[in-house]
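Q: curious how this folds, go ahead:
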Amino acid sequence: FILLLESRNFKMKIIGAVPNAYFEMALNLLHKIDGQVSGYLRGQGAAAATVGVLSTIGLYTLSWLLGVNIPYAFIIGMLAGFANLIPFIGPFVGMVPAILAYLMTAQPDGISAVVPVFIVTMFLIVQMIDNFFVSPKIMSASVGMHPLVVIVVIMVGNSIMGPLGMLFAVPAFGVI
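A: Numbering: from 1, shown residues only. Okay, the predicted model is just below:
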């Protein structure tokens, strides 16, 4: 967020620190970095939106199939999509409110212990779809890398810096 707000000042400071002989090269490099980072952010937004939509559809489908009441399914689905931006804990941030909303709402046939299992399973399926199909495809298209390269780069980023490495691995590799 700070980089988005201060990107112009940031670029001006870097250009000001570069000797005149390397001005064009620095400008070209900054343009490529800007393209990689903005493509990555667009890809993350698209992947988050996809998870949000799939989670919302999944919660409405579970409500309909099981005949239960899961209130605020749309809000919970969008929360799950937004939380998906956070590595590791993001999927749980969407799953827990869905289970709590079910457990705290009066149900037509009473509370069942099986419904939370279906909710967890639905979120796991959404995460599998996102992690194996949607995110690699979207990220590869947005940063210009093969999906397999994106997966390997994210795993390497995780081994080097943990969740923070996963978050910044793709744009850093794209810049390199």
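Q: run through the chain and note the low-pLDDT ranges.
A: 1-4, 87-88 (pLDDT under 70).
Q: swap in 90 and give it another go.
A: 1-44, 47, 84-94, 106-112, 130-155, 157-158, 161-176 (pLDDT under 90).
Q: centre of the chain versus the top helix by length along it, how much separation?
A: The single longest helix within the chain, with elements called by DSSP state H, is helix 23-66. Relative to its parent chain, helix 23-66 has a centroid offset of 6 Å by Cα atoms, centre = their mean, to the nearest Å.
Q: angle of whatever helix or strand comes next after it against helix 23-66?
A: In the C-terminal direction, the helix or strand that comes right after helix 23-66 (DSSP states H and E) is helix 73-83. Computed by axes from the mean of the first three to the mean of the last three Cα atoms, to 10 degrees, the angle separating helix 73-83 from helix 23-66 equals 150 degrees.
Q: buried residues of helix 73-83, list them for me.
A: Buried residues in helix 73-83, counted by 16 or more other Cβ atoms under 10 Å: 73, 76-83. C-betas here are computed from N, CA, C, even on glycine.
Q: just stretch 97-104 next, same as before
A: Quick answer for stretch 97-104 (16+ other Cβ under 10 Å): 97-99, 101-102.
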